[in-house]
Structure formats: C-alpha cells, structure tokens
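A.B. asks: all I have is the shape, not the residue letters:
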C-alpha cells in the first residue's frame, strides 16, 4: 500500500501600497489593439508583423483574439517604449490604446 503525504504551502499576497495609484511612465504598460469593422485581417496581420515585429502566427492569433474578444494586448513595455508603436498603428488607422 502507498501512503499519501500532503505538504502545505503558504502563499503570500502581494499588496499594493496605499496612496498614489497614478501610473508612472516607467511602469509596465500594454498596447491594446481593438477590433474594428473597417480593416481586413490581412492588413491587421501585416501591420502587426511590420510594426510590432510579430511573427506571422503571433500576428494572426492577435488579430483573431481582437476580432472575437473585442481587444488584444499586442505589445508590452514602458509608456515611452510603446509610444512609437501606438503612433504607427494609429497612423495605419488601427484602433490602439496604451493601458
């Protein structure tokens, strides 16, 4: 017969400091692509490959997620790192937001 040994684990909750909750420029952000009814899948995929340096599979997956879920995070980094990607995707008339 085999015995069963159960080992307990303690999990620590990561707490946010109370006070100023404003995001700072150097904090981690996401560039979010929103679905629209204007641009084609091919255009969105090509834009993600060219601008965000996605590989074709990643770009296609992001386009599909944005289409079916309404939005998809396509890039992460600081605000200043994401600004040029946001500007270029916006210039291509894609709906994006830095969060």
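C.D. replies: Thanks, I have the structure now. Remember, predicted model here, so these are calculated numbers, not experimental data.
A.B. asks: and the most centrally placed residue in the chain, what element?
C.D. replies: Using Cα atoms, centre = their mean, the residue of the chain that lies closest to the mean C-alpha position is residue 73, 2.1 Å off. Residue 73 belongs to strand 71-77 when assigned by DSSP states H and E.
A.B. asks: strands along the protein, start to end?
C.D. replies: 29-34, 71-77, 96-98 (DSSP state E).
A.B. asks: how much space between the residue lying closest to residue 78 once chain neighbours are set aside and residue 66?
C.D. replies: Spatial nearest neighbour of residue 78, chain neighbours left out: residue 26 (5.3 Å); criterion: Cβ to Cβ, 6 or more residues apart in numbering. Every C-beta, even on glycine, is put in place using the N, C-alpha and C of the backbone. In this view, residue 26 and residue 66 are 27 Å apart by Cβ to Cβ, to the nearest Å.
A.B. asks: okay, those two: which has more neighbours?
C.D. replies: residue 66 (24 against 10; other Cβ atoms under 10 Å).
A.B. asks: pLDDT wise, what is that one at?
C.D. replies: Per-residue pLDDT puts residue 66 at 98.
A.B. asks: check residue 85 too.
C.D. replies: 98.
A.B. asks: same deal with the one 5 residues further on?
C.D. replies: Per-residue confidence for residue 90 comes out at a pLDDT of 98.
A.B. asks: can you give me the neighbour number for it?
C.D. replies: Neighbourhood size, residue 90 [other Cβ under 10 Å]: 12.
A.B. asks: do residue 27 as well
C.D. replies: Residues lying near residue 27 (other Cβ under 10 Å) number 9.
A.B. asks: now do residue 56
C.D. replies: 11.
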